[in-house]
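1. Show me how the following folds:
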Amino acid sequence: MAKKLYIETQGCQMNEYDSSRMADLLGESHALELTRNPEEADVLLLNTCSIREKAQEKVFSELGRWRKLKEARPDVVIGVGGCVASQEGAAIQKRAPFVDLVFGPQTLHRLPKMLDERKARKITLVDVSFPEIEKFDYLPEPRVEGHKAFVSIMEGCSKYCTFCVVPYTRGEEVSRPFDDVIAEVAVLASKGVREVTLLGQNVNGYRGAFHDGRICSFAELLRHVAAVPGIGRIRYTTSHPLEFNDDLIAVYADTPQLVSHLHLPVQSGANRVLAGMKRNHTAADYLERIRKLKAVRPDIHISSDFIVGFPGESDSDFEETMNLIAEVDFDHSYSFIYSKRPGTPAAELPDDTPEDVKKQRLQILKDRLTAHTARKTAAMQGTRQRLLVERASERVEGHLIGIAGNNRLVHFPWPDQSLVGRFVEVEITGVASVNALHATAPLWVEG
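-> Here you go, the predicted model:
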């Protein structure tokens, strides 16, 4: 009987990508089959995220549950990876001595050897080093499930925002070589992938080497990915305003495969707060980039990240953030109350803003953005939208669900699943919810 692998993934899309590659890797090296039931797994991996508050406690809480599985079956292997593993290292094993493997985001490719060594030597193994981009040389050809895929193009971040742990847990920015990225995209396209999402902690800071040593910019990479036969839609995340330059904006003017949606984190609309965060741009800088983008893509939908209650944020600072939200007319956002991350400069800043004030500000911001989302969804009625058909509707028989470029779900009638994985054009006829719509049967189907 095949042995089973269970992976629990916390956090961002980068972690989702890493988890999928762990599954590919261990499937090839040890014939481990993924399971959704941790109780039947022979290997349990926890891929952690250290961005949010109490991240470490969430890790040890889950490990406490897994300890019982280990007690029942001592041969079960438990591994902890991701950013908390990178941050805590051997301290994880000291607090949870039943953990067998501790590995970082940059050393997941060493899992097969770590498993073998664990079996042979019966010791806990810890490897949270930063061997730059080495891991991609050891990962197998990606599996494909469905018609969309993530492609990691760079690792780490060199911005050192004062609130962020990423540079300390994933290292400095390192870009994959251009040929490697294009080769992976081409393989995915040959297997039926129609939409790729390019991933990186600072994805638009990509600076990958061509085979002749020249450096490829992110703008150049996007055009080359768009030229891969079969790729009909491109997304990317997460980007930084500093590298959102004129060359990148120009891609939106001449590359229709690049969706009319941009996630560009700003974090705050107050220059005083942005300086404290060490974002190295002002609200005016951000607005100028957005104005240029809207000039070439008037239908662009923009989302962002906001941190509410950063140390020292005043009422007027928060009001400036709300003014920025109104001026940009964001579609939606990922918004959180600031939480101290150990080892970051902001963790040492005095913070005298009451928690109830932070919660109130966050709710005001979320309510405003929800209204924006609803208004923009309603405005899509009567328009024609190009969708990538994703699946059959579970609620309405004889309907399929497609994803619009701005991430709205669109339900439309079709008698079978023959259109799944293809692009269609429909006319929007009604609103189902804040993020979902109804449409006509396809007016056009890609051949």
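2. What residues of the lengthiest helix in the chain count as buried?
-> Counting residues, the longest helix in the chain under DSSP state H turns out to be helix 355-378. By 16 or more other Cβ atoms under 10 Å, the buried positions in helix 355-378 come out as 358, 361-362, 365, 368-369, 372-373, 376-377. The way it works is simple: take the backbone N, C-alpha and C, and place the C-beta from them, glycine included.
3. possible to save those residues as TSV with pLDDT and distance to Arg214?
-> Formatted as TSV, the buried residues of helix 355-378 follow (pLDDT from 0 to 100; distance: Cβ to Cβ, whole Å):
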residue	pLDDT	distance to Arg214
Lys358	97	47
Arg361	98	47
Leu362	98	45
Leu365	98	43
Arg368	98	45
Leu369	97	41
His372	98	42
Thr373	98	42
Lys376	98	40
Thr377	98	43
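4. Turn those into TSV, columns for distance to Leu419.
-> Putting the buried residues of helix 355-378 into TSV (distance: Cβ to Cβ, whole Å) gives the following:
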residue	distance to Leu419
Lys358	46
Arg361	44
Leu362	40
Leu365	38
Arg368	37
Leu369	32
His372	31
Thr373	27
Lys376	26
Thr377	23
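5. what helices or strands is the longest helix of the chain leaning on?
-> In terms of contacts (3 or more Cβ pairs under 8 Å, 6 or more residues apart in numbering; DSSP states H and E), helix 355-378 is packed against strand 301-308, helix 315-328, strand 332-337.
6. now the shortest one: how far from the chain's centre is it?
-> Meaning strand 332-337. Between the mean C-alpha location of strand 332-337 and the chain-wide mean there is a distance of 14 Å, by Cα atoms, centre = their mean, to the nearest Å.
7. how far off helix 355-378 does it point, in degrees?
-> Strand 332-337 runs at 170 degrees relative to helix 355-378, counting by axes from the mean of the first three to the mean of the last three Cα atoms, to 10 degrees.
8. In its sheet, which strands sit next to the longest strand along the chain, and in what direction?
-> For the chain, the strand with the greatest residue count under DSSP state E is strand 423-433. Strand 423-433 sits in its sheet next to strand 384-392 (antiparallel), strand 436-439 (antiparallel), strand 444-445 (antiparallel), going by DSSP bridges.
9. so what strands line up beside the next helix or strand after the first one?
-> The one in question is strand 384-392. Going down the chain from strand 384-392, the next helix or strand is strand 399-404, by DSSP states H and E. The pairing partners recorded for strand 399-404 under DSSP bridges are strand 384-392 (antiparallel), strand 409-413 (antiparallel).
10. Now do the buried residues in the longest one.
-> So that's strand 384-392. Quick answer for strand 384-392 (16+ other Cβ under 10 Å): 385-390, 392.
11. which residues are contacting it?
-> 146-148, 194-195, 232-233, 399-405, 408, 410, 412, 417, 419-428, 439, 443 (Cβ atoms under 8 Å, 6 or more residues apart in numbering).
12. show me where pLDDT drops low in the protein?
-> Where the chain drops to pLDDT under 70, the residues are 52-54, 132-133, 447.
13. That one: helices as residue ranges?
-> Using DSSP H, helices in the chain cover 13-30, 55-72, 82-88, 91-95, 111-121, 166-170, 178-190, 218-226, 246-254, 271-277, 283-296, 315-328, 355-378.
14. Please identify which of those helices is closest to Ser260.
-> helix 246-254 (8.0 Å; Cβ to Cβ).
15. gap between the closest one and the chain center?
-> 22 Å.
16. Give me the helices and strands touching that helix, please.
-> Partner elements for helix 246-254 (3+ Cβ pairs under 8 Å, 6+ apart): helix 218-226, helix 283-296.
17. just those helices: most buried one?
-> When you average the neighbours per residue for each of the helices and strands packed on helix 246-254 (mean count of other Cβ atoms under 10 Å), helix 218-226 leads with a mean of 20.
18. and Ile78, what is it in contact with?
-> Contacts here follow Cβ under 8 Å, 6+ apart; on that basis Ile78 touches 44, 46, 63, 66, 70, 98-101.
19. just Cys216 next, same as before
-> 178, 206-210, 224.
20. now with 7 Å?
-> Neighbouring residues of Cys216 by Cβ atoms under 7 Å, 6 or more residues apart in numbering: 178, 208, 210.
21. Next, count neighbours for the last one.
-> Pointing back at Phe210 there. Neighbour count for Phe210, taken as other Cβ atoms under 10 Å: 12.
22. Name the surrounding residues that touch stretch 246-258.
-> Here stretch 246-258 makes contact (Cβ under 7 Å, 6+ apart) with 204, 217-219, 222-223, 226, 231-234, 292-293, 296-297.
23. How far off centre is that stretch?
-> Distance, centroid of stretch 246-258 to centroid of chain: 21 Å (Cα atoms, centre = their mean).
24. on that earlier part again, nearest to Pro74, of the helices and strands packed on helix 355-378?
-> strand 332-337 (39.7 Å).
25. If you count neighbours, what's buried in the closest one?
-> Quick answer for strand 332-337 (16+ other Cβ under 10 Å): 332-333, 335-337.
26. and if you look at stretch 248-262?
-> For stretch 248-262, the neighbour count (16+ other Cβ under 10 Å) marks 248-249, 251-252, 257-262 as buried.
27. Tell me, how many residues neighbour the nearest residue to Glu16 once chain neighbours are set aside?
-> Of all residues not flanking Glu16 in the chain, Thr9 sits nearest, at 5.7 Å (Cβ to Cβ, 6 or more residues apart in numbering). Neighbour count of Thr9, defined by other Cβ under 10 Å: 20.
28. Can you give me every residue that contacts the closest residue to Phe130 other than its chain neighbours?
-> Sequence neighbours aside, Gly171 is the residue nearest to Phe130 in space, at 4.1 Å (criterion: Cβ to Cβ, 6+ apart). For Gly171, the contacting residues are 106, 130, 155-156, by Cβ under 7 Å, 6+ apart.
29. got CSV for these, with neighbour count and distance to Gly269 too?
-> Listed next are the contacts of Gly171 as CSV, based on neighbours: other Cβ atoms under 10 Å; distance: Cβ to Cβ, whole Å:
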residue, neighbour count, distance to Gly269
Gln106, 24, 34
Phe130, 17, 34
Glu155, 26, 30
Gly156, 24, 27
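30. Sort out for me which of the residues you listed are in strands.
-> Judged by DSSP E, strands contain the following of those: Glu155.
31. possible to save the contacts of Gly171 as TSV with distance to Ala347?
-> Shown next, in TSV, are the contacts of Gly171 (distance: Cβ to Cβ, whole Å):
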residue	distance to Ala347
Gln106	24
Phe130	22
Glu155	24
Gly156	20
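32. Ala346: which of the contacts of Gly171 is nearest?
-> For those, the nearest to Ala346 is Gly156 (19.3 Å; Cβ to Cβ).
33. so that closest one makes contact with Tyr168?
-> No: counting by Cβ atoms under 7 Å, Gly156 stays clear of Tyr168, with 10.0 Å between them.
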